[in-house]
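[1] Requesting a structural model of the entry that follows:
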Amino acid sequence: MKVLTFITHPRTNSLTFAAAENFMEGLKDAGHEVDKVDLYRSGFNPLVEEDDEPDWNNSCQHFSPQTKAEMERLKQYDGLAFVFPLWWWNMPALMKGYIDRVWNYGFAYGGKKLSHERVLWLSLAGAPPERFHKRKYDSMIRRYFNVGLADYCGIEHSHFALFCQTINPSSDHVDMLLEEAYKLGKHYTLLSDKKEI
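    Okay, here's the model as predicted:
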């Protein structure tokens with residue numbers, strides 16, 4: 001399977017990047033073909049300009065060259081993965097802008113859907129699990145990514161993984177998270193929260 005991994009973090013020496021690298025190592029060891037996009041260093045403009053504003057009356061809309069190029073890139077892959085920090089219980093603005101522009105009407109939803117078989121959302125958060133459970137943020141976030149994005153855009157198998165307590169973690173905790181990231185890559189084709197969709 002050809003899998004494209006998007007990494008969204010301002011620092012390349014972050015735990016987010018390390019988790020992404022371990023995830024991709026697991027993919028490779030499972031025999032998958034792996035590519036990545038570092039959104040912060042890609043030059044991608046996350047702002048939706050007039051050319052990329054969804055045109056509800058035209059499912060054959062002509063998009064800006066940058067958006068069209070990203071759409072063409074996505075078509076080359078069977079699976080996707082997004083590795084990112086959880087900020088304000090959601091994805092970073094740069095990643096949201098990517099989805100706003102590229103997962104657009106007429107390409108990812110509407111008359112057409114994405115052709116990818118599966119997607120992994122791997123998010124790293126500073127808060128402990130109890131803070132997510134207390135207000136049911138964990139189930140809300142999982143539903144948003146699995147149903148609101150993946151299922152709505154035609155991706156059958158979506159899995160949301162949340163790594164907690166990533167602020168000043170112990171070395172043992174880091175090792176455990178990186179091992180878990182590797183396993184997510186190694187078992188990528190088995191991951192699915194389909195029962196929630």
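
[2] Just name the shakiest helix or strand of this protein by mean pLDDT.
    One helix or strand of the chain scores below all others by mean pLDDT, DSSP states H and E: helix 129-134, with a mean of 92.

[3] Which positions within that helix qualify as buried?
    residue 132 (16 or more other CB atoms under 10 Å). (Each C-beta comes from the backbone N, C-alpha and C, glycine too.)

[4] which is the next helix or strand following that helix?
    helix 137-143 (DSSP states H and E).

[5] Give me the contact list for the very next helix or strand once past that following helix.
    As assigned by DSSP H and E, the chain's next helix or strand after helix 137-143 is strand 157-163. Residues from elsewhere that reach strand 157-163, judged by CB atoms under 8 Å, 6 or more residues apart in numbering: 19, 86, 117-125, 132, 138, 141-142, 145-146, 149-151, 177, 180-181, 184, 191-194, 197.

[6] What of stretch 171-184?
    15, 18-20, 22-23, 25-26, 120, 122, 124, 159, 161, 163, 165-166, 169, 191.

[7] how many neighbours does residue 192 have?
    15 (other CB atoms under 10 Å).

[8] how much space between the residue lying farthest from the centre of the chain and residue 69?
    Largest separation from the mean C-alpha position in the chain: residue 57, at 28.5 Å (CA atoms, centre = their mean). To residue 69, residue 57 is 24 Å away according to CB to CB, to the nearest Å.

[9] so where do the strands sit in this structure?
    2-7, 33-38, 79-85, 118-124, 157-163 (DSSP state E).
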